[in-house]
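S.K.: Need coordinates for the below:
(one chain, ligands or ions: 1)
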Amino acid sequence: MSKKSKKDKDKQLRTPIVSVLGHVDHGKTTLLDKIRKGRVTAKEAGGITQHIGATEIPIEMIKNICKDIWRKEVELPGLLFIDTPGHKAFTNLRRRGGALADLAILIVDINEGFKPQTEEALSILRTFRTPFVVAANKIDKIPAWQSPGFVPFLKSYSMQEDIAKNRLDNKIYELIGKLYEFGFSADRFDRITDFTRNVAIIPISALTGEGVPELLLVLVGLAQRFLEDSLRLHVSGKAKGTILEVKEEKGMGITCDVILYDGTLKVGDRIAIAMRDGVKVTHVKGILKPRPSQEMRLESKFRSVKSVVAAAGVKLIAADLEGVLAGSEFEAIESEKDIEEFRKRLEKEYEEIEIRTDEEGVVLKTDTLGSLEALINELKDAGIKIKNAEVGDVDKRDVIEASANRDELNRVIIAFSVKLLPGVEEEAEKYGVRVFRDEIIYSLIDSFVKWREEEKRLREKQKIEELVKPCKIKLLKEYIFRRSKPAVVGIRVLAGELKRDAKLIKADGSPAGSVRSMQKEGENVPVAKEGEELAISIDGVTIGRQLNGDEVLYVDVPERHARVLEKDLMDTLSEEAKKAFQEFPEIKRKVNPFWGK
Ligand SMILES: Nc1nc2c(ncn2[C@@H]2O[C@H](COP(=O)(O)OP(=O)(O)OP(=O)(O)O)[C@@H](O)[C@H]2O)c(=O)[nH]1
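M.R.: Numbers count the residues shown, from 1 in each chain. The predicted structure is shown next:
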């Protein structure tokens, strides 16, 4: 054993931070409640510790929940569950190089399977490289399943009829398949030997508690075995944390709810907080913890402490907290050099994220660095180019930036959990910039992608409509109503469609005027279809001079249009129109030998 790791071994392990992700209604809150309540009363098991924004389940309580299956001792003090479930919390709670959470539970309703937010959660977990387990929830709802109560999954499983077992197995296979599509190799937890290579799926019921013992046991095992080194280093030393929320508290002014993930923080410490445009330095005037619930009758909800050790959720009182954003990082500092290092590190991190942008693309604004990184990843995955990506509310500069795109489909601002500053809407309207705003990543991207597809479709349609397409007509000499100014004559459309204003040419390539109007049965019509007979008026010709009474004429298709037609749109033409189109170059070349070459 090396010297360093021997020294590390003597240090205490800090509490791992666990976050719960999953689709709406798949059971995140119910699971957290179930874990909090435990299997027996809190008193017996040595109760849970309430933190600000988090709940600590001590190892004794976990052992108690897992007592039927607990095998060996662990050093962990417990698990700290982030109380705010969901992606927003996860992406906001971020620290250098990844997510704040050391571990995550991805909860999936086993009966419903993967949903959009499940997929989104998976991409986020992949972005932040967070080890996770899958809790396949609501097994009690599987038809024919008999719930024996708060027991280990394997015990409950062994008591089931074959039909219920088979149903569960099939559902698990479906999950394994889905996870595989996302690049994860997964299996039911009891069939896994190498937890570093395989994602464990633990069937549970957050309602009855079945499987919750194994879920906790696998989490504890993962933390102890695979995170040990990183957890060991963080109990003592420089305090580092993430701001959960900035809140006005009665009698205290502006305070910050924070999660301390590293080191020890003391009252009187100087701290540097990351701001959008630099670093703010202040000092800690007070550290508050919530009072245990039985003490709620006391005047204050909080109790003041002198210091706190990671990992923990606390409320900080400090001077000058205006402008501090949720999701920002902070760090205890001792010297000017520390401040400089903190600043440099933030700048570098920001640059690393921003640098991957394109010359032409949408403008992205988000509320935190974490959500910025997650959205950049999601947009890139969806093949959407990004011109500029920043943390902060949408301002007029963003509108100008978006409007400078050459492609209208990129004149777009994608705004995640941020405000539009005054005047932005008017400015966007003026410059033809669209703003997409949402609080859920997948629906934000979805609405943009749908809009873009629809716009593309409309443009394509318009482009096709604007093209001059091949058409061949024959004058009917028995229906010459007028010889000139304009000539009015009956025709038959031999191929394609004739439109008003179409320029005509003769079979020798010479010009034959243009269609001024078309009439059928006394009514003006804009289009005449193949096979139809009708009367048209033609400007610029005299029948009997430039035109014979039974002449065949073609619509003059411009060279550029002919190219587009030939390349992309031949399948939209009728057989007759195709034939007419094939005759056309020969006719044009009688006048211009290089036509279409
Ligand atoms: N039968 C059964 N119902 C469950 C289970 N877990 C959750 N539910 C129910 O599913 C519904 C949604 O559960 P929640 O815990 O609120 O889900 P959530 O994921 O926190 O939902 P959001 O907070 O809205 O994202 C509630 O009615 C729960 O009672 C379970 O294991 N079995």
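S.K.: List, one by one, the residues from the stretch 401-550 of the chain near the ligand.
M.R.: Along the stretch 401-550 of the chain, not a single residue is adjacent to the ligand under the rule CB under 6 Å from any ligand atom. For glycine as for every other residue, the C-beta is placed from the backbone atoms N, C-alpha and C.
S.K.: all strands of the stretch 401-550 of the chain, in order?
M.R.: Assignment of strands within the stretch 401-550 of the chain using DSSP state E, counting those that start in this stretch yields the ranges 412-416, 434-438, 471-482, 487-496, 498-499, 503-506, 511-520, 523-524, 527-528, 533-539.
S.K.: out of these, nearest to residue 156?
M.R.: Between residue 156 and the strands of the stretch 401-550 of the chain, the tightest spacing by CB to CB is seen for strand 434-438, at 39.6 Å.
S.K.: how about the CA coordinates for that closest one, as PDB?
M.R.: Written as PDB, here are the backbone C-alpha positions of strand 434-438 (Å, rounded to 0.1, in the frame of the first residue of the first chain):
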ATOM      1  CA  ARG A 434     -38.400  33.200 -32.100                       C
ATOM      2  CA  VAL A 435     -37.900  32.500 -28.500                       C
ATOM      3  CA  PHE A 436     -38.600  29.000 -27.100                       C
ATOM      4  CA  ARG A 437     -38.900  28.900 -23.300                       C
ATOM      5  CA  ASP A 438     -39.500  26.000 -21.000                       C
END
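S.K.: Tell me which residues are up against it.
M.R.: Taking contacts as CB atoms under 8 Å, 6 or more residues apart in numbering, the residues outside strand 434-438 that touch it are 394, 411-416, 418, 420, 424-425, 428, 444, 447-448, 451.
S.K.: okay, the angle between that strand and strand 412-416?
M.R.: Here strand 434-438 runs at an angle of 20 degrees relative to strand 412-416 (axes from the mean of the first three to the mean of the last three CA atoms, to 10 degrees).
S.K.: Packed most tightly, which of the strands of the stretch 401-550 of the chain would that be?
M.R.: Highest mean neighbour count among the strands of the stretch 401-550 of the chain (mean count of other CB atoms under 10 Å): strand 412-416, with a mean of 24.
S.K.: who does that one pair up with?
M.R.: Sheet partners assigned to strand 412-416 using DSSP bridges are listed as strand 362-366 (parallel), strand 434-438 (parallel).
S.K.: Dump those strands to JSON lines, plus distance to residue 494.
M.R.: Rendered in JSON lines, the data for the strands paired with strand 412-416 read as follows (distance: least, CB to CB, whole Å):
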{"stretch": "strand 362-366", "distance to residue 494": "49"}
{"stretch": "strand 434-438", "distance to residue 494": "45"}
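S.K.: Can you lay out the ones you listed as JSON lines showing mean pLDDT and distance to residue 58?
M.R.: What follows is these, written out as JSON lines (pLDDT from 0 to 100; distance: least, CB to CB, whole Å):
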{"stretch": "strand 362-366", "mean pLDDT": "94", "distance to residue 58": "36"}
{"stretch": "strand 434-438", "mean pLDDT": "94", "distance to residue 58": "39"}
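S.K.: quick one: which of those is nearest residue 102?
M.R.: That would be, of the strands paired with strand 412-416 and by CB to CB, strand 362-366, which comes in at 23.5 Å.
S.K.: Show me what counts as buried in the closest one.
M.R.: Of the residues in strand 362-366, those buried under the neighbour-count criterion (16 or more other CB atoms under 10 Å) are 362, 363, 364, 365, 366.
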